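Trainee: model the following, please.
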Amino acid sequence: MSSRLSPISNPTSPHAMPEILVQTEAGNARVVLRTGAQETELPPLWLRARSPDPSQRDSVTGQRLMNPHLLPDDLHLLDARFENELLHLSFSDGLAGRFDPQELIVGTVLSTGCPAPRPWRADLARLHAQYPGKPVLISEFGFPALAGASGNAFGEDVQVRVLEMEFAAFDASYLCGATLWCWADHAWDAGRFCSGLAVSPFGVLTRDRRPKAAFYTARALFRARQGLAPAPPPSPGRGPSTRHPDTHG
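Mentor: As a prediction, the model looks like this:
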């Protein structure tokens, strides 16, 4: 195994300052955060979501355009090394880039330990094993989308894909139901999300009850799971983000 300290670390400091290490063994690369005697691996999915590549960020807001839940679960690092005080990482999905170690350290603080996204099925199976005699209800699942947006992190198309992927994992016999978060966009305190957005964009309907694309997806998913016939398609002119009478009950 080989390791190299981040150029921002100070091994002679009397205080336990966070530092980034690269570890390689048998062709496998790992990036590790070390604080004193404690070491925490930075998961490839967590790192990949923080790519500084301009193509991975919205040019106006700087918002990340990559949804880590849409990446393969087996994403891994092909290469990790320091070059000119930056951390060069290559991922198995083809993306490569140079990361600022200081930004990664700050990111671990903001995300309380850099948890990697985990598949629903694994966590549900673990919960069921702890309480084998009880049914499990998914109290919240969902994803944000801005009405009319497409091809970016908050596109209606991405919201549709996430709902389909998450709902597909809710197939265990011990599950008794799932609740979508949420029905409609709603007001919340400005500054909590997306540079001060004062309306939560997690709904499958807009604030004025116009359906987004995910409304029709959610309706189809739940009806199919319940063994109900497919709902009739929307009338002409009543597609996504157009007011529809079916959204009021």
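
Trainee: can I see the domain layout of the chain?
Mentor: Following the assignment in automatic domain parsing, the chain carries domains at 2-110, 120-248.

Trainee: got the ones you listed as a markdown table, with mean pLDDT and mean neighbour count columns?
Mentor: Where C-beta positions appear, they are placed from N, C-alpha and C, glycine not excepted. Shown next, in a markdown table, are the domains of the chain (pLDDT from 0 to 100; neighbours: other C-beta atoms under 10 Å):
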| stretch | mean pLDDT | mean neighbour count |
| --- | --- | --- |
| domain 2-110 | 75 | 15 |
| domain 120-248 | 84 | 15 |
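
Trainee: secondary structure element for residue 162?
Mentor: In this assignment (DSSP states H and E), residue 162 forms part of helix 156-168.

Trainee: now for that helix, which elements pack on it?
Mentor: On a contact count with 3 or more C-beta pairs under 8 Å, 6 or more residues apart in numbering; DSSP states H and E, helix 156-168 meets strand 136-141, helix 213-225.

Trainee: if we go to 7 Å?
Mentor: Packed against helix 156-168 by the contact rule (3 or more C-beta pairs under 7 Å, 6 or more residues apart in numbering; DSSP states H and E) you find helix 213-225.

Trainee: show me the contact partners of the helix it packs on.
Mentor: 145, 156-157, 159-160, 163-164, 167, 180, 204-205, 230-231, 234, 240, 247 (C-beta atoms under 7 Å, 6 or more residues apart in numbering).

Trainee: how far away is residue 36 from residue 20?
Mentor: Distance check for residue 36 against residue 20: by C-beta to C-beta, to the nearest Å, it reads 14 Å.

Trainee: name the element residue 90 belongs to?
Mentor: Going by DSSP H and E, residue 90 is in strand 86-91.

Trainee: now do that strand: which elements does it pack against?
Mentor: When contacts are defined as 3+ C-beta pairs under 7 Å, 6+ apart, strand 86-91 sits against helix 44-49, strand 77-83, strand 96-99.

Trainee: in JSON lines, list the ones you listed along with distance to residue 123.
Mentor: Output for the helices and strands packed on strand 86-91, formatted as JSON lines (distance: least, C-beta to C-beta, whole Å):
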{"stretch": "helix 44-49", "distance to residue 123": "15"}
{"stretch": "strand 77-83", "distance to residue 123": "24"}
{"stretch": "strand 96-99", "distance to residue 123": "28"}
